[in-house]
Structure formats: structure tokens, C-alpha cells
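In: coords please:
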Amino acid sequence: MKYSLMLLVLYLTLASESNGQEVQTLFRSSRPSGGYAALSNKFTTINGQYANLAEVYGGWFIKRRFLLGIAAAASTNELKVPYQYSTSPSRNMSWQYGQLGLMTEYVFGSNKVIHFNFTLFSGAGFTVQYERKDWDDWDDYDSDTDDVEHDENFFYVLEPGAQLELNVFKWMRLSPGISYRKTFGSKGIGLNDADLTDWSYNISLKFGKF
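Out: Predicted coordinates:
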């Protein structure tokens, strides 16, 4: 009787300690996987000019720790091409910057209200020159601009970063952060790697199953 009572007390103690904790097994983890998409805006410089980059990315969120996905970003404001680098000096030429590639994130303490993560973008980047028009000028679009040289320029981009995350809802997160964009092999007219490499400050909204 005494031993039975001791075993009962031991059982209840172990049961209370394991209550609420995730059960881990050899071949199957109780940590679920999900996925999410993010809308991000980046503030940076290109060739010494302020550049606003709109970015979208998303993918598979593995075990609430690791995102494996793709990302795409492009500049949205005018990046005026100086006269000496313009392929058509008589026109209002602007640079368009873009990048596309693999996006990964490693998240620490994903279930906590405030936590942080490390990000890494790796992929292709490009710049082109194009004639930037005002909104009221598009009705007078001149098809002769198709004959203008656009100086297409392709290169490799590596961009590590870090974010602070706030779990607003179970399905939405707010993430301000910082990253460092490094390019390799840029040969655009007036745009070498030093002109394209710089820090970016960003803010992201993430939606999905975390």
C-alpha cells in the first residue's frame, strides 16, 4: 500500500511537470510548419541617391524557426541618371533597380510577443536606364523611346540582415529591420559595385500561418 501511494504521487508529479509542454519524439516533431508572405519597404541609397525599394517575399516556415522562400524587390522612385552616364542625354533618364532570388529567415522565439530573426537574400540583381515620365505625360508616349539604349546590367546580390518582430495577431507580424546589400559584378554605365552597395532600413508586414 505504501509503495502504491508513492508511485501514485510520483506519477502525478511527472504529469504536472509535463503538462503544457511540447512532446518530442524521435521520428516526428510536434512543432508544426506553416508559411507566410511579407510586404516590405526598404529605404536605402543607390549611387548616392535616396532609393525606395518595394519588396515582396514568402515561403515555407519550417518548424516555426526557418523560412525558405523567394523574394523580389524593385525601386519605385526616380533615380536620375547624371548627364555624363545617360544613354540618351536629351531625355529624362532614370535608373531602375531590381533583385530576385532566394530568401531565408531564422527566427528566435517565434511564439514570444517580441522576438528577432536573421535574414539572408541571395540572388540576381539588375539595373536599366529608362525614360521616366510624369503621370500626365503618358498620354503623349513616344514609341521612339524603344530605340533608346537601356544599358541592361546584371550582377549578383548578397544581403544579410536582422529584424525585430512583434506578433500583432496570430496571423500577422510587424517587423522593422536593417540589412546590408552587397553586389558583385556590376558593370553598368556609372554604376559599379560601390555605387550599389549600401545599408537598407526596412519595415515589413507578414501574413500567414506562423
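In: can you give me the strands in the chain?
Out: Under the criterion DSSP state E, strands of the chain are mapped to 34-46, 49-62, 66-75, 93-108, 114-131, 153-169, 172-184, 198-209.
In: Reformat those strands into JSON lines and put mean pLDDT and distance to Gln84 next to each item.
Out: To be clear about C-beta, it is placed using only N, CA and C from the backbone, and glycine gets the same treatment. Below are the strands of the chain laid out as JSON lines (pLDDT from 0 to 100; distance: least, Cβ to Cβ, whole Å):
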{"stretch": "strand 34-46", "mean pLDDT": "97", "distance to Gln84": "17"}
{"stretch": "strand 49-62", "mean pLDDT": "97", "distance to Gln84": "15"}
{"stretch": "strand 66-75", "mean pLDDT": "98", "distance to Gln84": "21"}
{"stretch": "strand 93-108", "mean pLDDT": "98", "distance to Gln84": "12"}
{"stretch": "strand 114-131", "mean pLDDT": "97", "distance to Gln84": "13"}
{"stretch": "strand 153-169", "mean pLDDT": "97", "distance to Gln84": "17"}
{"stretch": "strand 172-184", "mean pLDDT": "98", "distance to Gln84": "21"}
{"stretch": "strand 198-209", "mean pLDDT": "97", "distance to Gln84": "22"}
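In: Please tabulate those in a markdown table, including the columns distance to Gly190 and mean neighbour count.
Out: Below are these laid out as a markdown table (distance: least, Cβ to Cβ, whole Å; neighbours: other Cβ atoms under 10 Å):
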| stretch | distance to Gly190 | mean neighbour count |
| --- | --- | --- |
| strand 34-46 | 11 | 18 |
| strand 49-62 | 11 | 17 |
| strand 66-75 | 15 | 18 |
| strand 93-108 | 9 | 19 |
| strand 114-131 | 9 | 18 |
| strand 153-169 | 10 | 17 |
| strand 172-184 | 14 | 17 |
| strand 198-209 | 16 | 16 |
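In: Distance to Asn192 added to those strands, as TSV?
Out: Formatted as TSV, the strands of the chain follow (distance: least, Cβ to Cβ, whole Å):
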stretch	distance to Asn192
strand 34-46	12
strand 49-62	15
strand 66-75	17
strand 93-108	13
strand 114-131	11
strand 153-169	10
strand 172-184	9
strand 198-209	13
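In: Go through these and name the closest to Val81.
Out: Ranking these by their distance to Val81 (criterion: Cβ to Cβ) puts strand 93-108 first, at 4.3 Å.
In: helices or strands next to the closest one in the packing?
Out: Secondary-structure packing of strand 93-108 (3 or more Cβ pairs under 8 Å, 6 or more residues apart in numbering; DSSP states H and E): strand 49-62, strand 66-75, strand 114-131, strand 153-169.
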